[in-house]
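>>> let's see this in three dimensions:
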Amino acid sequence: MSYSDSGQLWKYNERDHVSNQDAPTRTSTNLEQTLMVARYGSPRSAVGSTLFSWLNLSLLLAFGWPALVVFFDAPTVSIENTPADWFALRLGVAVVGGGLTLLLWKLSPVTVYVATSRAVVGIFRKGMFWTQAVLFLAGVSLLLSALLLEADPGPAGKVVVFGLVEAIAIQALLSGYMKGALDVLFPSRQSFLYVLGLFAAFFSLRSFAFAVTASGGGENTILALVAGGLLGIVFGSVSLMLRDRSGSLLPGILVHWVVLHLVVPYLG
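Just a heads-up that it's a prediction; the model follows:
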C-alpha cells in the first residue's frame, strides 16, 4: 500500500469515527421522534399535545396563587410576609406544578437526562470553566441564603425554600420538558426560538396575574404583559444556553433562584 493510499484510508477512518460518535445522538433523537409520532398519531398532533401540556402547567404555576387570592381571599402580600398557613398553600402550588411537570416529562418519550444526577456529574467533566461556573453559582446561592437566614430566619426561610422550588418547577417545564420535546420535533435552532417564545409567554402570564391581583390595584396590565415578556426572553435565552452548553438544568436553576428570588426582591 502506498503512502497516499494509507493517508486516504486514515481520512476515511477518521470520518467514520466522527460519524460513529454522532450516531448514538441521532439514533436517540430519531427513536424519540418515532415514539412521539406513534403515541400522538402525527408530528402536528405531537406538537399540539406538547403545547397543551405547557398551557395547563403554565396556568397552574402562573395563576395558581392569584386564583387563591381572587376566589378564597388569600392575602396579597410578598412571599416573606405570607402567613404560615397560606404560605403552605402557595408553596404547594409550586410543588404540585413541578411534580406534574416531572411526571408528564418522565411518562413522555422525551429523554429526562438533563434532569438527572448523571448530567450534573457530566458538567464537571466539561473542563475547568464549567466546574468553576457551577461552583460559583452554588456558592453564591448558599451564601445569599445564609445571609438572609441570619438576618431574619422566618421570612428568609420562606423566600429561600419557595424560590428554589419555583425555580426547579419553571426550569423543568421550559428548559427541560418543552425544550426536550421540541428538540425532537424541530431542528435545534427552530426549537430554541419556539421555547424562547414559551418563556416569554409564561412570564407574561405570570406578570399579568400578579398585576391583576396586586393589593394596590390600578396596575397597568399591558405594561405588566410587556415587562413579563421581555423578562422571559432575557431569562429564557440565558436558561436555554446554559442548558444546551452544560447538558444539565442545574446552572439554569441556580441562576433563576439567585437572580429572581435571592437578589431582585431585595434591591428595592
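
>>> tell me who's in contact with the nearest residue to Ala224 once chain neighbours are set aside.
Nearest residue to Ala224, sequence neighbours excluded (Cβ to Cβ, 6 or more residues apart in numbering): Ala211, at 3.6 Å. All C-beta spots, glycine's among them, are computed from the backbone N, C-alpha and C. Counting by Cβ atoms under 8 Å, 6 or more residues apart in numbering, Ala211 makes contact with Glu219, Asn220, Thr221, Leu223, Ala224.

>>> state the helix or strand in which Ala211 lies.
Mapping Ala211 onto the secondary structure by DSSP states H and E places it in helix 188-212.

>>> what average pLDDT does that helix get?
On average, the pLDDT along helix 188-212 is 95.

>>> how about the helix or strand just after that helix: buried residues?
Sequence order places helix 221-246 as the next helix or strand after helix 188-212, per DSSP H and E. Residues of helix 221-246 classed as buried by neighbour count (16 or more other Cβ atoms under 10 Å): 224-225, 227-229, 231-233, 235-236, 238-240, 242-243, 246.

>>> please apply the same query to stretch 41-57.
Using 16+ other Cβ under 10 Å as the test for burial, stretch 41-57 gives Ala46, Val47, Ser49, Thr50, Leu51, Ser53, Trp54, Leu57.

>>> per-residue pLDDT, the fifth one?
The reference is to Leu51. Reported pLDDT for Leu51: 95.

>>> distance of the residue nearest to Ala224 relative to Ser248?
Noted for Ala211: a distance of 33 Å to Ser248, by Cβ to Cβ, to the nearest Å.

>>> repeat that for Glu32.
Per Cβ to Cβ, Glu32 is found 19 Å from Ser248.

>>> out of these two, which sits in the busier spot?
Ser248 (26 against 19; other Cβ atoms under 10 Å).

>>> residues in contact with the more buried one?
Counting by Cβ under 8 Å, 6+ apart, Ser248 touches Val114, Ala115, Ala119, Val120, Gly122, Ile123.

>>> which residue is the nearest non-sequential neighbour of the third one?
Right, the one you point to is Ala119. Leaving aside its chain neighbours, Ala119 sits nearest to Ser248 (3.9 Å; criterion: Cβ to Cβ, 6+ apart).

>>> inside helices: which ones of the buried residues of stretch 41-57?
Mapping these onto helices (DSSP state H) picks out Ala46, Val47, Ser49, Thr50, Leu51, Ser53, Trp54, Leu57.

>>> surely Leu102 and Ala115 touch.
Yes. If you go by Cβ atoms under 8 Å, Leu102 and Ala115 touch, sitting 7.3 Å apart.

>>> and the two? Which one has more around it.
Per other Cβ under 10 Å, whichever of Leu102 and Ala115 has more neighbours is Ala115, with 23 against 18.

>>> and for Gly48, nearest residue in space, chain neighbours not counted?
Of all residues not flanking Gly48 in the chain, Tyr40 sits nearest, at 7.8 Å (Cβ to Cβ, 6+ apart).
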